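Novice: Predicted coordinates and the sequence they were generated for:
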Amino acid sequence: MASTENEILEGLAEIVNEETGVATEDVKLDKSFTDDLDIDSISMMTIVVNAEEKFDVRIPDEEVKNLVTVGDAVKYIEGAQS
Amino acid sequence: MSLPRSRVAVTGLGTVNPLGGDVRTSWDNALAGVSTARTLNNDWKEQYGLSVDFACQVGIDPLEHLARPEAKKLDPSGQYSLIAAREAWSDAGTPEVDGDRLAVVVGTGIGGLWTTLDQWDIVRDKGARRVNPFTVPMLMANSSSAHIEIEIGARAGAHTPVSACASGAEAVALGFDMIRQGRADVVVVGGTEACVHPLPLAGFANLRALSKRVDDPEHASRPYDTDRDGFVLGEGAAILVLESEEHAKARGARVYGYVAGRGMASDAHHISAPSTEGQARAIRESVADAGVEAADVVHVNAHGTSTPLGDIGELEAVSQALNGVTDQLVVTSTKSMTGHLLGGAGALESVFSVLAAHHRVVPPTINIENLDPETPLRIAQGETAELPSGDIAVLNNAFGFGGHDVAVLFTNA
């Protein structure tokens, strides 16, 4: 079942917190994973793999580099679910 | 090749092991003679048909000592060693050391066993995509030495001896050598292991190496008792901060004791059977290296794993190497309390050896109901033993599958 934008953001924030320790409230749509949240490329892959499982979507490696902000990831997951 | 005779100060200690999550708790429990072997609180026996379903497990939760994201990037063996290293480094006074003069030598017998097997389950059951990207850095045997090296900024080298159950003691010996060779002023040394897992339990049991006392696990590890029937698997890590005497003095460091000598030999004999001859060579070398007399050696923290052949063979090696000058000698096996930490054993027992020389007291060997009449040396049977005043030397033995014999000789501060 598809999730709303808010549900995806909340779920993603939980994953980011679990994998990197960044506080869930800091995971906002306009934040850049690398520049604002200081997440390196390997940690980004753990987030992607966990998000795929949680939201039942596939995020191809070539798409990951386009997911600059949290909002980009939320939008991609939302689109992939529909 | 012999290295210059010089002693190296021990200025910091840390450990996570079945007796405690820190040095103070572990030492108090060791002196109190606490057994840590318990029936495992899981269904492995039913699920896999394990014949031996008990072990000595670490009692602390690593997540209470490490940040969650940090813990998630470490195998349990890496979690234990990082917690122990932080304790040891802090215990040493968090010294300011030039990174180019600071090194790490932390060994392990097996490495990231849990990570290897957990991630194999994932690749088999869920597919390759789900495998944790940190899998390789978590499972590699050098993960512990690498994480500690990064943590403290050590740039003079980070090494990982892998010599089965001698790994931890070999790390102490190699760290000692690094300082004597002039490669570093401070070396963080130790060993770690975390393999209370059905696979090694089954492997060791099928090798007939483990005690089968399933109905009485607390009394299963009983070195030198007539009814000993194998070792009890343990887990954990221990770390020591070694420092050149000059460096320790210059910064006014508290010194627990000294590494004064080491011996390392290989048996060229058998992949799992011990050799008294090889053990004696290592012990003799450690005494000669330290330049002490046989009579100065007043205590041995023995390898003593509670196996029928190994325990007595080791004591014969000690007796031979000391030319029978053993009147003052008191032997103990702390494995009677901790179980066998494999790659962590020689490091934890080095910590106990240093503390024994420092406090002049030997922890007991517990669970001896009937002392094996073949036992050629005095054992601290069931109670602590005092060590004499004055200059003393304490020997720690560690032997590993493959015929790795390591003896480290400590002296009091």
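Specialist: Structure received.
Novice: Show me which positions of the helix or strand hosting residue A:79 end up buried.
Specialist: Using DSSP states H and E, residue A:79 falls within helix A:70-81. Neighbour counts over helix A:70-81 (16 or more other CB atoms under 10 Å in any protein chain shown) mark A:70-71, A:73-74, A:76-78, A:80 as buried. Glycine gets a C-beta too; all of them are placed from N, C-alpha and C.
Novice: Just flag the most distant two among these.
Specialist: Greatest spatial distance among the buried residues of helix A:70-81 (CB to CB): A:70 and A:80, at 15.7 Å.
Novice: Helices of the chain, residue ranges please.
Specialist: Since no chain was named, I'll use chain A. Ranges of helices in chain A, per DSSP state H, are A:5-20, A:41-55, A:61-64, A:70-81.
Novice: my bad, chain B
Specialist: B:23-31, B:44-48, B:68-72, B:76-91, B:113-125, B:135-139, B:143-152, B:167-180, B:198-206, B:245-250, B:276-290, B:310-321, B:335-338, B:345-359.
Novice: Could you point out which of those sits nearest chain A?
Specialist: helix B:68-72 (4.1 Å; CB to the nearest CB).
Novice: Mind listing what's buried along that closest one?
Specialist: In helix B:68-72, counting by 16+ other CB under 10 Å, buried: B:69-72.
Novice: With stretch B:374-387 instead?
Specialist: Applying a neighbour-count criterion of 16+ other CB under 10 Å, one finds B:375, B:377, B:379-381, B:384-385, B:387 buried in stretch B:374-387.
Novice: Can you list the neighbours in contact with that stretch?
Specialist: B:31, B:33, B:224, B:298-300, B:311-312, B:315-316, B:318-319, B:326, B:329-332, B:356-357, B:360-366, B:368, B:371, B:394 (CB atoms under 8 Å, 6 or more residues apart in numbering or on different chains).
Novice: now those residues: which count as buried?
Specialist: When the contacts of stretch B:374-387 are checked for burial by 16+ other CB under 10 Å, the buried set is B:31, B:33, B:224, B:298-300, B:311-312, B:315-316, B:318-319, B:326, B:329-332, B:356-357, B:360-366, B:368, B:394.
Novice: okay if I get the buried residues of helix A:70-81 as CSV plus distance to residue B:278 and pLDDT?
Specialist: Shown next, in CSV, are these (distance: CB to CB, whole Å; pLDDT from 0 to 100):
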residue, distance to residue B:278, pLDDT
A:70, 60, 97
A:71, 65, 97
A:73, 59, 97
A:74, 63, 97
A:76, 62, 96
A:77, 61, 96
A:78, 66, 95
A:80, 62, 93
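Novice: List just the nearest of these to chain B.
Specialist: Nearest to chain B among the buried residues of helix A:70-81, with distances taken as CB to the nearest CB, is residue A:80, at 14.6 Å.
Novice: Quick check: closest non-adjacent residue to the closest one.
Specialist: Nearest residue to residue A:80, sequence neighbours excluded (CB to CB, 6 or more residues apart in numbering or on different chains): residue A:57, at 4.0 Å.
Novice: and the one you found, backbone torsions?
Specialist: Main-chain dihedrals, residue A:57, degrees, to the nearest 10: phi -130, psi 170.
Novice: which residues touch it?
Specialist: A:51, A:77, A:80-81.
Novice: can you do 7 Å?
Specialist: Residue A:57 makes contact with A:77, A:80-81, according to CB atoms under 7 Å, 6 or more residues apart in numbering or on different chains.
Novice: what do you get for residue B:198?
Specialist: Residue B:198 touches B:44, B:48, B:50, counting by CB under 7 Å, 6+ apart.
Novice: now do 8 Å
Specialist: Neighbours of residue B:198 in contact, by CB under 8 Å, 6+ apart: B:44, B:47-48, B:50.
Novice: do the same with residue B:178
Specialist: Counting by CB under 8 Å, 6+ apart, residue B:178 has contacts B:103, B:105, B:156-157, B:184, B:187.
Novice: One more: residue B:204?
Specialist: Contacts of residue B:204 (CB under 8 Å, 6+ apart): B:52, B:210, B:231, B:233.
Novice: Could you dump the residues you listed into TSV and include pLDDT and neighbour count?
Specialist: Below are the contacts of residue B:204 laid out as TSV (pLDDT from 0 to 100; neighbours: other CB atoms under 10 Å in any protein chain shown):
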residue	pLDDT	neighbour count
B:52	98	24
B:210	98	27
B:231	98	24
B:233	98	27
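Novice: any idea which of these is closest to chain A?
Specialist: For the contacts of residue B:204, the nearest to chain A is residue B:233 (31.0 Å; CB to the nearest CB).
Novice: isn't that closest one right next to residue B:195, touching?
Specialist: Yes: look at residue B:233 against residue B:195 with CB atoms under 8 Å: they come within range, at 7.5 Å.
Novice: Quick check: neighbours shared by those two?
Specialist: residue B:342.
Novice: circling back: near chain A, list only the ones from the buried residues of helix B:68-72.
Specialist: The subset of the buried residues of helix B:68-72 within reach of chain A, by CB under 8 Å from any CB of the partner chain, is B:69-70, B:72.
Novice: Look up how far residue B:356 lies from residue B:94.
Specialist: 26 Å (CB to CB, to the nearest Å).
Novice: which residue packs closest to the residue of the stretch 301-413 of chain B found nearest chain A, ignoring adjacent ones?
Specialist: Closest contact between the stretch 301-413 of chain B and chain A, by CB to the nearest CB, is at residue B:343 (26.7 Å). Spatial nearest neighbour of residue B:343, excluding adjacent residues (CB to CB, 6+ apart): residue B:109 at 3.3 Å.
Novice: now swap in residue B:270 and tell me
Specialist: residue B:403 (6.5 Å).
Novice: how far away is that neighbour from residue B:164?
Specialist: Applying CB to CB, the value for residue B:403 to residue B:164 is 9 Å.
Novice: which regions of the chain sit below the pLDDT cut-off?
Specialist: Since you didn't name a chain, this refers to chain A. Chain A contains residues with pLDDT under 70 at A:1.
Novice: nope, chain B please
Specialist: Residue ranges of chain B with pLDDT under 70: B:1-4.
Novice: Which positions in it make contact with chain A?
Specialist: Counting by CB under 8 Å from any CB, chain B sits next to chain A at B:67-70, B:72, B:129-130, B:132-134.
Novice: Repeat the analysis, applying 7 Å as the threshold.
Specialist: B:67-69, B:72, B:129-130, B:132-134 (CB under 7 Å from any CB of the partner chain).
Novice: which one of those is nearest residue B:238?
Specialist: residue B:67 (22.4 Å).
Novice: on that earlier part again, just send the buried residues of helix A:70-81 back as CSV, with distance to residue B:242 too.
Specialist: As requested, the buried residues of helix A:70-81 are arranged in CSV below (distance: CB to CB, whole Å):
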residue, distance to residue B:242
A:70, 47
A:71, 52
A:73, 48
A:74, 52
A:76, 52
A:77, 51
A:78, 56
A:80, 55
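Novice: ok, back up a step: for the residues of chain B next to chain A, name the two members farthest from one another.
Specialist: B:67 and B:129 (26.9 Å).
Novice: Show me which of these two is the more surrounded one.
Specialist: More crowded of residue B:67 and residue B:129, by other CB atoms under 10 Å in any protein chain shown: residue B:129, with 13 against 10.
Novice: how does chain B divide up, domain by domain?
Specialist: Structural domains annotated on chain B: B:8-250, B:262-412, as defined by automatic domain parsing.
Novice: Residues of chain A that sit close to chain B?
Specialist: Contacts of chain A with chain B, taken as CB under 7 Å from any CB, map to A:18-21, A:42, A:45-46, A:49, A:53.
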